[in-house]
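Participant: build me a structure from this.
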Amino acid sequence: MNRRMILQLVCYILRVEALCMLPAALISLFCREWPAAIALSGCAAGIAAVSLLSFVFRPKTRQISPKEGFVIVALCWIAVSVFGAMPFCFSGAIPSYVDALFETVSGFTTTGASILPEVEVVPKGLLYWRSFTHWLGGMGVLVFLLAIVSMGKGRNSLLHVMRAESPGPQVDKLVPRLQNSAKILYAIYIALTLAQILFLLAGGMPLFDSVCTAFGTAGTGGFGVKNDSLGSYSPYLQGVCTVFMALFGINFSVFYLLLLRQFSRVLHNQELWTYLGIMGGAIALITWNVLPRFESFGQALHHTAFQVSSIMTTTGFSTVDFNLWPTFSKVILVTLMIIGACAGSTGGGIKVARLLLILKATRRSVKRMLSPRSVAVVHMDGQRTEEDVIANTFSFLTAYFLLSAASILIVALDRFSFETSFTAVIACISNIGPGLDVVGPMGNYGGLSVLSKLVLSLDMLAGRLEIFPMLMLFIPAAWKRS
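Facilitator: All right, here's what the predicted structure looks like:
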C-alpha cells in the first residue's frame, strides 16, 4: 500500500477544496455576512494548512495499484466532506456538526437531501458553497484534479483512480492521455453549465439564483435557493431545467461523439435510446395518471416531465409535491430512483447501462437453458461485453440491495412509516434527495436521529462511488503492503 501517495492525493484535493471556498467567502464579504465570511475564509486557511502535509510525507513512488485507486477515492471523498462541513458549523448556520456533515455529503455526492427547514435564511455565501459542492462532485472531485494538475507517473496509474470514481459498469479513456480525457469531460461540463446559466438569465432569473440552479442541475444534485425548490419560478425557467437535467443524465461520451460528428455511433447507442425511452414512457404514464389533479393537459405534462426528468437523473428538484400523487405514479418514480441515469453522466442510481446488461445476461441465461450447447455472447452497441464486466454488474447489484436492506432496518428504528424509511434510503443511496412521506419534496431529513443521518451519509457516499470504494476501506487486505 503506497500510503504516502494516498496522503499526497488527499492533501492535493484538500488544497483544491480550500481554493474553491474562497469565492463563497468573497460573496459573504460582499453581502456583509460576517460570521459566514469569517467561517469560510478561516476554514479555507485551515484546510490549506492541513494540506501542506503533502510536502512533509513525499512518496517514494507515484505508482498506484487498482486497490489503492479505490482507497484513494474513498478517503478523498470522506476528507472533502468532513472539512467541507466546517463552515456551516462554525458560522452557526447549521449548529450540529452531524447535520452539517449530512448536508455537505449530500452536496458533494449530488444527492440533494437536506436537513434545512428554510434555506432562504442561510447566508448567500454558504448557499453558494452548498450548491458548488454539487458542481464539483458531479463530474468527480478527483477527475477535476486530474484535469488541472499533472500528477502520477507510470502506465495507467491514475486510470485506476478515474475508474474508481466514475460511474458505470466500465470506464475508459476518451483519448490516449488520461489528463486530456479529464479535460475534455470538464470542457463539456463547463460548456453545458454556462449554456444553462445563459438560458436562465434570459428568462429573468437573478444571476445568483441562475448560477446556483445551474450548479444543482449540472451535478444533478438538486439543492435550491428557495424553500419550494423551483416551484415559484416561471414555467419557462422550469422547462429549461427539465431539458438540462435530461442532458446531464446522458453519458458524456455521447456529447464527445457529437463534437467529433460521429453521428452513426450516437444513433446506435443502446443506452441512450433506452434512457430516453424509459423517460418518455414514464412521462406518458404519469401524465395520464395525474391528469385529473391539474387544470389542463399542458400543465399536467409540464410538471410530470419536470419531475420525471428530475427523479430519473437523480437531480431532486421539484415544482409540485409529488408525494400527493396517486400510488401508481409514486411507484413509477421510485422505480426511476433505482434505475437512475446513464453511465458516465453526473446522475446516480444503478445506471441504465447496468439495467441493459442485466436484461441481456438474463436473456442469455434463458437461451442456455433451452439450448445448453449454444454459444451466446452479450453485446452492447455491437461490441462484445467481457464476462468480468457482467460479473461485476451482478456483484454491484448484490452489494447495492444488501446495503439498502441493512440501512432500511437501521433507519426504521426511528419509527417513521415504511414509506419514509424505504424511500429515504433509496433516495440517498441513489443520490436523489427527496423521497416520500416525511422526506418528501416538501419535507426534509432534519427529524431523523443522529444514527440515521450517519447511516444515510455513508449510503450517499457509497452510492456516489458505486459501493466498492467504500467497502474497500473495511477490508483488511486492502491496507496491506503489496
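
Participant: so where's the stretch 1-150 of the chain uncertain?
Facilitator: The model of the stretch 1-150 of the chain has pLDDT under 70 over residues 62, 147-150.

Participant: helices along that one, start to end?
Facilitator: Counting by DSSP state H, counting those that start in this stretch, the stretch 1-150 of the chain has these helices, from start to end: 3-30, 34-51, 53-56, 66-84, 86-91, 97-108, 124-139, 141-148.

Participant: reformat those helices as a markdown table; add distance to F215.
Facilitator: In this view, the C-beta of every residue, glycine as well, is placed from N, C-alpha and C. Compiled in a markdown table, the helices of the stretch 1-150 of the chain are given as follows (distance: least, Cβ to Cβ, whole Å):
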| stretch | distance to F215 |
| --- | --- |
| helix 3-30 | 12 |
| helix 34-51 | 16 |
| helix 53-56 | 28 |
| helix 66-84 | 14 |
| helix 86-91 | 17 |
| helix 97-108 | 10 |
| helix 124-139 | 4 |
| helix 141-148 | 14 |
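
Participant: got those helices as a markdown table, with mean neighbour count columns?
Facilitator: Conversion of the helices of the stretch 1-150 of the chain to a markdown table gives the following (neighbours: other Cβ atoms under 10 Å):
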| stretch | mean neighbour count |
| --- | --- |
| helix 3-30 | 20 |
| helix 34-51 | 19 |
| helix 53-56 | 12 |
| helix 66-84 | 23 |
| helix 86-91 | 24 |
| helix 97-108 | 25 |
| helix 124-139 | 26 |
| helix 141-148 | 21 |
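
Participant: can you say which of those helices is nearest to E295?
Facilitator: Put simply, out of those the one that sits nearest E295 is helix 124-139, at 32.2 Å, with distance taken as Cβ to Cβ.

Participant: okay, the closest one in PDB with CA atoms only?
Facilitator: Included here for helix 124-139 are C-alpha records, laid out as PDB according to Å, rounded to 0.1, in the frame of the first residue of the first chain:
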ATOM      1  CA  LYS A 124     -25.700  33.600   0.400                       C
ATOM      2  CA  GLY A 125     -22.000  32.700   0.700                       C
ATOM      3  CA  LEU A 126     -22.900  29.400   2.300                       C
ATOM      4  CA  LEU A 127     -25.700  28.800  -0.200                       C
ATOM      5  CA  TYR A 128     -23.200  29.300  -3.000                       C
ATOM      6  CA  TRP A 129     -20.800  26.900  -1.300                       C
ATOM      7  CA  ARG A 130     -23.600  24.400  -0.800                       C
ATOM      8  CA  SER A 131     -24.600  24.500  -4.500                       C
ATOM      9  CA  PHE A 132     -21.000  24.500  -5.700                       C
ATOM     10  CA  THR A 133     -20.300  21.200  -3.900                       C
ATOM     11  CA  HIS A 134     -22.900  19.700  -6.300                       C
ATOM     12  CA  TRP A 135     -21.000  21.000  -9.300                       C
ATOM     13  CA  LEU A 136     -17.600  19.900  -8.000                       C
ATOM     14  CA  GLY A 137     -18.900  16.400  -7.000                       C
ATOM     15  CA  GLY A 138     -21.000  15.900 -10.200                       C
ATOM     16  CA  MET A 139     -18.100  15.100 -12.500                       C
END
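
Participant: tell me who's in contact with N289.
Facilitator: The contact partners of N289, taken as Cβ atoms under 8 Å, 6 or more residues apart in numbering, are W325, P326, F328, S329.

Participant: do I have it right that the last one meets V320?
Facilitator: No: taking contacts as Cβ atoms under 8 Å, S329 lies outside contact range of V320: 11.2 Å.

Participant: which pLDDT value goes with D381?
Facilitator: In the predicted model, D381 carries a pLDDT score of 78.

Participant: for it, give me phi and psi.
Facilitator: When read as degrees, to the nearest 10, the backbone of D381 gives phi 60, psi 40.

Participant: tell me how many other residues surround it.
Facilitator: D381 has 13 neighbours, counted by other Cβ atoms under 10 Å.

Participant: so for the helix or strand that contains N289, what gets flagged as buried?
Facilitator: Using DSSP states H and E, N289 falls within helix 270-290. Of the residues in helix 270-290, those buried under the neighbour-count criterion (16 or more other Cβ atoms under 10 Å) are E271, L272, T274, Y275, I278, M279, A282, I283, I286, T287, N289, V290.

Participant: in TSV, list those residues along with pLDDT and distance to G219.
Facilitator: Shown next, in TSV, are those (pLDDT from 0 to 100; distance: Cβ to Cβ, whole Å):
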residue	pLDDT	distance to G219
E271	94	20
L272	96	20
T274	96	23
Y275	97	18
I278	97	21
M279	98	19
A282	98	22
I283	98	23
I286	98	25
T287	98	27
N289	97	30
V290	97	28
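
Participant: what's the closest of those to M5?
Facilitator: When these are compared for distance to M5 (Cβ to Cβ), E271 wins out at 34.2 Å.

Participant: right, and that closest one touches V352 too?
Facilitator: Yes: the pair E271 and V352 qualifies as a contact (Cβ under 8 Å) at a distance of 5.2 Å.

Participant: contacts only, for the residue positioned nearest the centre of the chain.
Facilitator: Geometric centre of the chain, nearest residue: T110, 3.8 Å, by Cα atoms, centre = their mean. The contact partners of T110, taken as Cβ under 8 Å, 6+ apart, are H134, G137, G138, G219, T220, G221, G222, T314, T346, G348, N431, R464.

Participant: pLDDT wise, what is the nearest residue in space to the third one that is not next to it in sequence at?
Facilitator: Across the structure, with Cβ to Cβ, 6 or more residues apart in numbering as the measure, the residue nearest G138 apart from its sequence neighbours is G219 (2.9 Å). In the predicted model, G219 carries a pLDDT score of 94.

Participant: got it, and the one 4 residues further on?
Facilitator: The predicted local confidence for F223 comes out at a pLDDT of 95.

Participant: and if you look at the one 4 residues further on?
Facilitator: At N227 the predicted local confidence, pLDDT, stands at 93.

Participant: isn't it up against V121?
Facilitator: No: under the criterion of Cβ under 8 Å, N227 makes no contact with V121, lying 9.2 Å away.

Participant: who has more neighbours out of the two?
Facilitator: In this view N227 and V121 are compared by other Cβ under 10 Å, and N227 has more residues nearby, 14 against 9.

Participant: would you confirm that that one belongs to a strand?
Facilitator: No: following the definition DSSP: H, G, I helix; E, B strand; the rest coil, N227 is coil and is not counted among the residues of a strand.

Participant: all strands for this protein, in order.
Facilitator: 379-380, 383-384 (DSSP state E).

Participant: can you put the ones you listed in TSV and add distance to S365 and mean neighbour count?
Facilitator: Formatted as TSV, the strands of the chain follow (distance: least, Cβ to Cβ, whole Å; neighbours: other Cβ atoms under 10 Å):
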stretch	distance to S365	mean neighbour count
strand 379-380	15	14
strand 383-384	17	9
